[in-house]
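Participant: Next comes the sequence, and after it the predicted model I'd like to discuss.
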Amino acid sequence: MKPHHMVLGVILTNALLWILLAGQSTNEKFDSITVREFHLVDAQNKERATIEVEPSGEVVFRLRDECGIIRVKMGASAEGSGFVFLDEDTNPVIHGLAKKDGGKLTLTDAKGNKREY
């Protein structure tokens, strides 16, 4: 496909979406919304949060900072669940796991020393 055909397709698709959205009330409420993935973007259109199902079947929720770096990650699968909070260097500071054989919480201080509970 030629680049100008692709641009025209994008413009027409956007125009159609705007026409459809213009006909809907901004105060509309929904009882249920079903999506395969959820992507939240900020005013600069940078992805800040996602909820998606990985190919493994695990559902994963990620929060990103204004630079797009993942700072919080939570996941759930048939084996259990977990979460991690990451510092400015993306090192895990708080990491929790819950599995059939028990749970584990790991805290890491500024010097890299870990305490497990």
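Facilitator: Sure thing, it's come through. Numbers count the residues shown, from 1 in each chain.
Participant: Buried ones in the helix or strand residue 50 falls within, by neighbour count?
Facilitator: Residue 50 is part of strand 47-53, with elements assigned from DSSP states H and E. Using 16 or more other C-beta atoms under 10 Å as the test for burial, strand 47-53 gives residue 50. For glycine as for every other residue, the C-beta is placed from the backbone atoms N, C-alpha and C.
Participant: contact partners of that strand?
Facilitator: 36-42, 59-64, 66, 68 (C-beta atoms under 8 Å, 6 or more residues apart in numbering).
Participant: Narrow those to just the buried residues.
Facilitator: Buried among the contacts of strand 47-53 (16+ other C-beta under 10 Å): 60, 62, 64.
Participant: So which of those residues is the closest to residue 99?
Facilitator: residue 60 (16.3 Å; C-beta to C-beta).
Participant: tell me the pLDDT at residue 111?
Facilitator: pLDDT recorded at residue 111 is 92.
Participant: can you give me the helices in the chain?
Facilitator: Taking DSSP state H as the test, the helices found in the chain are 3-22.
Participant: can you count the residues close to the residue nearest to residue 90 when sequence neighbours are not counted?
Facilitator: Leaving aside its chain neighbours, residue 90 sits nearest to residue 69 (6.3 Å; criterion: C-beta to C-beta, 6 or more residues apart in numbering). Neighbourhood size, residue 69 [other C-beta atoms under 10 Å]: 11.
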